[in-house]
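Asker: sequence first, predicted coordinates after that:
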Amino acid sequence: MSALPGAPHLARAGADLQLDGQPLAALAQAYGTPLFVYSQRAMLDALAAYQRALQGRQHLVCYAMKANSSLAVLQSFARAGCGFDIVSGGELARVLAAGGDPAKVVFSGVGKTPAEMRQALLCGPAGVRCFNVESTAELDTLNAVALSLGRRAPVSLRVNPDVDAGTHPYISTGLKGNKFGIAHAQAVGAYRHAASLPGLQVVGIDCHIGSQITQIAPYLDALDRLLDLVEQVEAAGIPIHHVDVGGGLGVSYSSDEAPPQADRLVAALLQRLDARGHGQRELLFEPGRSLVANAGVLLTEVLVLKPGADDGSGGKNFCIVDAAMNDLVRPAMYEAWMQIEPCRLRDAAPSTWDVVGPVCESGDWLGRDRALAVQPGDVLAILSAGAYGMTMASNYNTRPRAAEVMLVDGQACLIREREAVASLFAAERLIER
Ligand SMILES: *Cc1c(COP(=O)(O)O)cnc(C)c1O
């Protein structure tokens, strides 16, 4: 059969689909469905590709934890020396709960509250490593918060380099006309302003141009734009220590997507840094998806088959499964294509199915027009579900969120229990009058 995204961690052994050598159908049987299963080895291998390529250089890889923020995932990365890119005080609390080091945390996000700023300044011995600031108004607020605590907040300015990452409009963030970052033309002025504020310490510059990027060229363009600014800002007497090129490296969801490997991206960026005489500069990365997407699958059981001829639904065959858009929203939200594989192959001719969930929305689909030989009770694996799966899950339709299992050295570990229905409304109150 064709190569599976996530190989070699994911493979067929006879009819059985296995992750790290564990048959997925057996895991579905043991833990129930819907179930996320992750390979810790796959996650650590993906991180190691960045770390190896950066060896010998001043660097920090900050995992963009919004891709998958389960504590055991964070713990696995923290133990491997990884830092974290956070976007909320809640994410900071998760990093600390998982044993992460706040000195390796960069705090991104276009709308940080003063309370979140305080939390980030006061955590650990010296607060977070850096605030990635997105506007001059935020500089002023952060300055005031830091002064009120008798601290100096380390800042990097997130610059919008105005480069086209060539990705889906919803996940493209580096072009003029979206809400992220400080316009390139305003950046030098913003740095002057930051340097004039006593509660701030300029430490870096950053950008993040989008997600699911499959080319190296946009990164090189963005780096060039950042280095132009670094040179101008330093010429104005404001030293900049690190350059943070953000995240966004794509993964292959299907065999016709072939994004560069992380080590090739890193090598190209290091070469450009050297060529421009910035080889000594510390380089930061904020990868999310590329560290976790292909390390995970979502397992779901087939509930009902509705062949199109039965009910006049226009000839479409529906395969209704027990996972839905509330478990995995990427197809509904971005029209994302995710590969779907039976966990145990049947010796039968496939039919064409739309794989859909039970939620009351026409947008509740996981895959369209898929050739599958399936029967009710079969377990399907939705591949590349390790990123933006569980973190975007909701309780829509009062559906408890799925359980999560991590494969660690060949052992399955339950890292999140299936949510209990009672907990879904435990914080709600009836009116007492
Ligand atoms: C989402 C995000 C990332 C990670 O993006 P991926 O596409 O998952 O690699 C990195 N940095 C910032 C600021 C982000 O918002």
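Answerer: Structure's in. What do you need? Values in this document were obtained by computation on a predicted structure and should not be read as measured data.

Asker: how far does stretch 13-22 stretch from start to finish?
Answerer: 10 Å (C-alpha to C-alpha, to the nearest Å).

Asker: actually stretch 231-250, not the one I wrote
Answerer: 30 Å.

Asker: that one close to the ligand?
Answerer: Yes - for stretch 231-250 and the ligand, the contact criterion (C-beta under 6 Å from any ligand atom) is met by Gly246, Gly247, Gly248, Leu249. C-beta coordinates here come from the backbone N, C-alpha and C atoms, glycine included.

Asker: mind listing what the residue of the stretch 201-350 of the chain found nearest the ligand touches?
Answerer: Of all residues in the stretch 201-350 of the chain, Gly288 sits closest to the ligand, at 2.5 Å by C-beta to the nearest ligand atom. By C-beta atoms under 8 Å, 6 or more residues apart in numbering, the residues touching Gly288 are Tyr63, Ala64, Met65, Lys66, Ala67, Asn68, Asp85, Ser211, Gly247, Ala387.

Asker: 6 Å instead?
Answerer: Listed by C-beta atoms under 6 Å, 6 or more residues apart in numbering, the contact set of Gly288 reads Ala64, Ala67, Gly247.

Asker: just the helices in the stretch 151-300 of the chain please.
Answerer: With helices called from DSSP state H, counting those that start in this stretch, the stretch 151-300 of the chain shows them at 187-196, 217-235, 262-275, 289-292.

Asker: from these, which stretch is densest packed?
Answerer: The highest average neighbour count among the helices of the stretch 151-300 of the chain, using mean count of other C-beta atoms under 10 Å, belongs to helix 289-292 at a mean of 30.

Asker: quick one: average pLDDT of it?
Answerer: Helix 289-292 carries an average pLDDT of 98.

Asker: ok now stretch 209-223, how far from the chain's centre?
Answerer: The chain centre lies 16 Å from the centre of stretch 209-223; the measure is C-alpha atoms, centre = their mean, to the nearest Å.

Asker: and for stretch 421-431?
Answerer: Remark: stretch 421-431 is offset 30 Å from the chain centroid, using C-alpha atoms, centre = their mean.

Asker: same deal with stretch 368-377?
Answerer: 28 Å.

Asker: tell me the buried residues in it?
Answerer: Neighbour counts using 16 or more other C-beta atoms under 10 Å place Arg370, Leu372, Val374 of stretch 368-377 among the buried residues.

Asker: name the residues that touch it?
Answerer: For stretch 368-377, contacts defined as C-beta under 6 Å, 6+ apart pick out Val302, Cys319, Ile340, Arg346, Ala348, Pro350, Thr352, Trp353, Asp354, Val355.

Asker: with neighbour count, distance to Gln186 and pLDDT added, can I get the residues of stretch 231-250 next to the ligand in a markdown table?
Answerer: Compiled in a markdown table, the residues of stretch 231-250 next to the ligand are given as follows (neighbours: other C-beta atoms under 10 Å; distance: C-beta to C-beta, whole Å; pLDDT from 0 to 100):
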| residue | neighbour count | distance to Gln186 | pLDDT |
| --- | --- | --- | --- |
| Gly246 | 31 | 19 | 98 |
| Gly247 | 25 | 23 | 97 |
| Gly248 | 31 | 23 | 96 |
| Leu249 | 26 | 27 | 97 |
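
Asker: show me what from the stretch 201-350 of the chain comes close to the ligand.
Answerer: Within the stretch 201-350 of the chain, the positions adjacent to the ligand are His208, Ser211, Gly246, Gly247, Gly248, Leu249, Glu286, Pro287, Gly288, Arg289, Ser290 by C-beta under 6 Å from any ligand atom.

Asker: surely the third one is in contact with Ile205?
Answerer: No - counting by C-beta atoms under 6 Å, Gly246 does not reach Ile205; the two are 10.9 Å apart.

Asker: how long is stretch 304-321 end to end?
Answerer: Distance across stretch 304-321, first residue to last, is 7 Å (C-alpha to C-alpha).

Asker: please disregard the earlier target; I meant stretch 144-161.
Answerer: End-to-end span of stretch 144-161 (C-alpha to C-alpha): 28 Å.

Asker: buried members of the contacts of stretch 368-377 into ChimeraX, please.
Answerer: Only the buried entries of the contacts of stretch 368-377 go into this ChimeraX selection, using 16+ other C-beta under 10 Å:
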select :302,319,340,353,354,355
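
Asker: make CSV out of the contacts of stretch 368-377 and add pLDDT and secondary structure.
Answerer: As requested, those are arranged in CSV below (pLDDT from 0 to 100; DSSP: H, G, I helix; E, B strand; the rest coil):
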residue, pLDDT, secondary structure
Val302, 98, strand
Cys319, 98, strand
Ile340, 98, strand
Arg346, 98, coil
Ala348, 97, coil
Pro350, 97, coil
Thr352, 97, strand
Trp353, 97, strand
Asp354, 97, strand
Val355, 98, strand
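
Asker: need the contacts of stretch 368-377 in CSV (columns: distance to Gly296).
Answerer: Compiled in CSV, the contacts of stretch 368-377 are given as follows (distance: C-beta to C-beta, whole Å):
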residue, distance to Gly296
Val302, 20
Cys319, 21
Ile340, 14
Arg346, 24
Ala348, 28
Pro350, 25
Thr352, 26
Trp353, 23
Asp354, 23
Val355, 18
